[in-house]
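# Generate a structure from the sequence data that follows.
(4 chains)
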Number of protein chains: 2
Amino acid sequence: MGIIERKEREREEMRRLIVDGARHLFVQNGYEKVSIRNIAEAIEYSPATIYLYFKDKNEILYAVHQQAFSKMMEEFRPIFALEDPFERLVEMGRRYINFAVENPELFDIMFIVTAPMEALECREDIWSEGRIAFNMLVQVVQDCIKAGVLHADDAEVAAMMIWSNIHGYTALFLRKRLMMFSEERRQVLMREAFDLFVHTLKKGLQ
Amino acid sequence: MGIIERKEREREEMRRLIVDGARHLFVQNGYEKVSIRNIAEAIEYSPATIYLYFKDKNEILYAVHQQAFSKMMEEFRPIFALEDPFERLVEMGRRYINFAVENPELFDIMFIVTAPMEALECREDIWSEGRIAFNMLVQVVQDCIKAGVLHADDAEVAAMMIWSNIHGYTALFLRKRLMMFSEERRQVLMREAFDLFVHTLKKGLQ
DNA sequence: ATTGTTTACTGAACAGTGTTTAGTACGTTT
DNA sequence: AAACGTACTAAACACTGTTCAGTAAACAAT
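Numbering: from 1, shown residues only, chains lettered A, B, ... in the order given. Modelled structure (predicted):
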């Protein structure tokens, strides 16, 4: 009696169809300009159908947010081939910023928009995607400490400090808070500030 | 013929009434849950009236954003009495974070929500509030360099790096991206990470 | 004082939003 | 073939930002 299995499969397929459609529209038009009706039209179903597969819009955003995390993790993977732990740390920061600049709408949903977090809240779940990614950073920081290139009592505190710095650029940039600089100056500032941070970190945490 | 002057005064008063009402509601209910109709009801005018004084909702948000900047600048003022420039720098960071935690909705409008920036864009204006605040930071950094406590070629780059770090905590916190930590741990992480940054900065940029 | 003109304001509408519900049509089971 | 259960949708609800025709009062000119 493989019917219930097939139904389960079809259900999963439908969820995928919705999330993929939503992600596509988000990336194309920006998250704020996409409505449930837009998504429904894109996948050629009625708006009401979407509510048979997702509780509300926040849940769709959370699903897209999950996909985006997978994509980011994919871009982080090559880092772990690097031997020097400090190189790993620097490269991780570089790729975080790169991901944000090249996938602004996805990054927004992952780290800035509150809606997906609200989907989590009412399930009183912990933000596992964030936790996993942060743990990855903590591990790299710990490797740096072990290798003697960084000195810190609490690796989590050091990781938090580093994450904040890297995240700062992207959050300010994506939310248009570097508007007072020219396109050109913005690029230079972000890159040189990042380099300066790396330099400061190396000297300051020795 | 003081009539046009009086009219101008009344017009300014009305704009104030609207912005104050809007700010009140934003602080109370959070920016996302406030509509033009809510604001209109609060000041006992019809929604259409608001559009006689503001082009659109973004312009109201920009006006609130301006007020919020004044408030923040007020909290920065006492800093300039401090003699040690590095003390000034540290205190500035501390007060930025404090302002964000104590006025989350205002900070959101100032530094995270994109709507007020869109009001600026179509006037092809530069973001003067941001520029002024950033220049203030650059000045303090320059004082640190002059005093020999920080070494950096470009004060703007150093300021950018410092701003990013400080802004990172607040942006992650306000947008619920520190949810994987307990209330308690969150507090400790933010404070200790800030302290670690200050320490790193002092040692790293010497 | 009585016009004409400008100004300030509003009710109602438009096109959109997220979400719910009643009802239909079809696949599955008896 | 009849009964049941599932997948889907049209239509509605209560909202959103915004516009526009119309009204009433304030002002200006006669």
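# Quick one: name whatever helix or strand follows the longest helix anywhere in chain A.
Counting by DSSP state H, the longest helix found in chain A is helix A:3-29. Per DSSP states H and E, helix A:3-29 leads on to helix A:36-42 as the next helix or strand towards the C-terminus.
# Residues touching that next one, excluding its own?
A:18, A:21-22, A:24-25, A:29, A:46-47, A:49-50, A:57, A:60 (C-beta atoms under 8 Å, 6 or more residues apart in numbering or on different chains). From N, CA and C alone the C-beta is placed, and that goes for glycine too.
# Helix or strand: which one has the spatially most central residue of chain A?
With distances taken as C-alpha atoms, centre = their mean, A:Met110 lies nearest the centre of chain A, 4.0 Å away. In this assignment (DSSP H and E), A:Met110 forms part of helix A:104-111.
# How about that helix and DNA strand C, any contact?
No - if you take C-beta under 7 Å from any atom of the strand as the test, helix A:104-111 misses DNA strand C, and the best it gets is 13.9 Å.
# is chain B contacted by that helix?
Yes - residues of helix A:104-111 contacting chain B under C-beta under 8 Å from any C-beta of the partner chain: A:Phe111.
# which ones are touching whichever residue of chain A sits closest to chain B?
Across chain A, the shortest distance to chain B (C-beta to the nearest C-beta) belongs to A:Gly204, at 2.5 Å. Shown in contact with A:Gly204 (C-beta under 8 Å, 6+ apart): B:199-205.
# any idea how far DNA strand C is from A:Arg191?
Distance, A:Arg191 to DNA strand C, by C-beta to the nearest atom of the strand, to the nearest Å: 37 Å.
# Which of the helices or strands spans that residue?
Assigned by DSSP H and E, A:Arg191 falls in helix A:183-204.
# Now that helix: buried residues?
Residues of helix A:183-204 classed as buried: A:186, A:189-190, A:192-194, A:196-198, A:200-202, A:204 (neighbour count, 16 or more other C-beta atoms under 10 Å in any protein chain shown).
# Just give me the neighbour total for the nearest residue to A:Leu150 once chain neighbours are set aside.
Excluding the flanking residues, the one nearest A:Leu150 by C-beta to C-beta, 6 or more residues apart in numbering or on different chains is A:Cys144, at 4.1 Å. By the criterion of other C-beta atoms under 10 Å in any protein chain shown, A:Cys144 has 25 neighbours.
# wait, A:Cys144 sits on A:Pro85?
Yes - A:Cys144 is within contact range of A:Pro85, at 4.6 Å (criterion: C-beta atoms under 8 Å).
# on that earlier part again, mean confidence for the next helix or strand after the helix holding A:Met110?
Along the chain past helix A:104-111, the next helix or strand (assigned with DSSP H and E) turns out to be helix A:115-121. Per-residue pLDDT values over helix A:115-121 give a mean of 95.
# Can you give the domain ranges for chain A?
Annotated domains of chain A cover A:1-54, A:64-204 [automatic domain parsing].
# I'd like the mean pLDDT over the first one, please.
Averaged across domain A:1-54, the pLDDT comes to 94.
# Figure out how far that domain is from the centre of its chain.
Here the centre of domain A:1-54 is set off from its chain's centre by 21 Å, with C-alpha atoms, centre = their mean, to the nearest Å.
# could you list every residue that touches A:Ile112?
The contact partners of A:Ile112, taken as C-beta under 8 Å, 6+ apart, are A:171, A:174-175, B:112, B:171, B:175.
# Pick out the most distant pair among these.
Using C-beta to C-beta, the pair of those lying farthest apart is A:Leu174 and B:Arg175, separated by 11.6 Å.
# DNA strand C contacts on chain A?
So chain A meets DNA strand C at A:1, A:3, A:6, A:34-38, A:47-48, A:51, A:56-58 (C-beta under 7 Å from any atom of the strand).
# any chance of the residues you listed in CSV, with distance to A:Val157 too?
Output for the residues of chain A next to DNA strand C, formatted as CSV (distance: C-beta to C-beta, whole Å):
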residue, distance to A:Val157
A:Met1, 55
A:Ile3, 54
A:Arg6, 51
A:Val34, 38
A:Ser35, 42
A:Ile36, 42
A:Arg37, 46
A:Asn38, 43
A:Pro47, 46
A:Ala48, 48
A:Tyr51, 43
A:Asp56, 36
A:Lys57, 36
A:Asn58, 31
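# Looking at the contacts of A:Ile112, which one is closest to DNA strand D?
Among those, B:Ile112 lies closest to DNA strand D (C-beta to the nearest atom of the strand), at 17.9 Å.
# Look up phi and psi at that closest one.
The phi/psi pair for B:Ile112 (degrees, to the nearest 10) reads phi -120, psi -50.
# Please tell me how far it sits from A:Arg6.
The gap separating B:Ile112 from A:Arg6 is 45 Å, by C-beta to C-beta, to the nearest Å.
# Then A:Tyr45?
Note on A:Tyr45: its distance to A:Arg6, by C-beta to C-beta, is 19 Å.
# Am I right that A:Pro104 is in contact with A:Leu174?
Yes - counting by C-beta under 8 Å, A:Pro104 touches A:Leu174, with 5.5 Å between them.
# sorry, back to before: can you list the buried residues of helix A:183-204 in TSV and add distance to B:Met73 and pLDDT?
Shown next, in TSV, are the buried residues of helix A:183-204 (distance: C-beta to C-beta, whole Å; pLDDT from 0 to 100):
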residue	distance to B:Met73	pLDDT
A:Arg186	24	96
A:Leu189	23	97
A:Met190	25	97
A:Glu192	27	98
A:Ala193	24	98
A:Phe194	28	98
A:Leu196	27	97
A:Phe197	27	97
A:Val198	32	97
A:Thr200	28	95
A:Leu201	31	95
A:Lys202	35	92
A:Gly204	30	85
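# overlap between those and the residues near DNA strand D?
Counting by C-beta under 7 Å from any atom of the strand, no member of the buried residues of helix A:183-204 reaches DNA strand D.
# Tally up the residues packed near the closest residue to A:Val34 other than its chain neighbours, please.
The shortest distance from A:Val34 to any non-neighbouring residue, by C-beta to C-beta, 6+ apart, is to A:Leu25 (4.5 Å). A count of nearby residues for A:Leu25, using other C-beta under 10 Å, gives 21.
# In contact with A:Leu25, which residues?
A:34, A:38-39, A:42.
# That one and A:Ser35: what is the separation?
With C-beta to C-beta as the criterion, A:Leu25 and A:Ser35 are 9 Å apart.
# just checking, A:Met190 touches B:Met160?
Yes - at 7.5 Å, A:Met190 and B:Met160 qualify as touching, with contact defined as C-beta under 8 Å.
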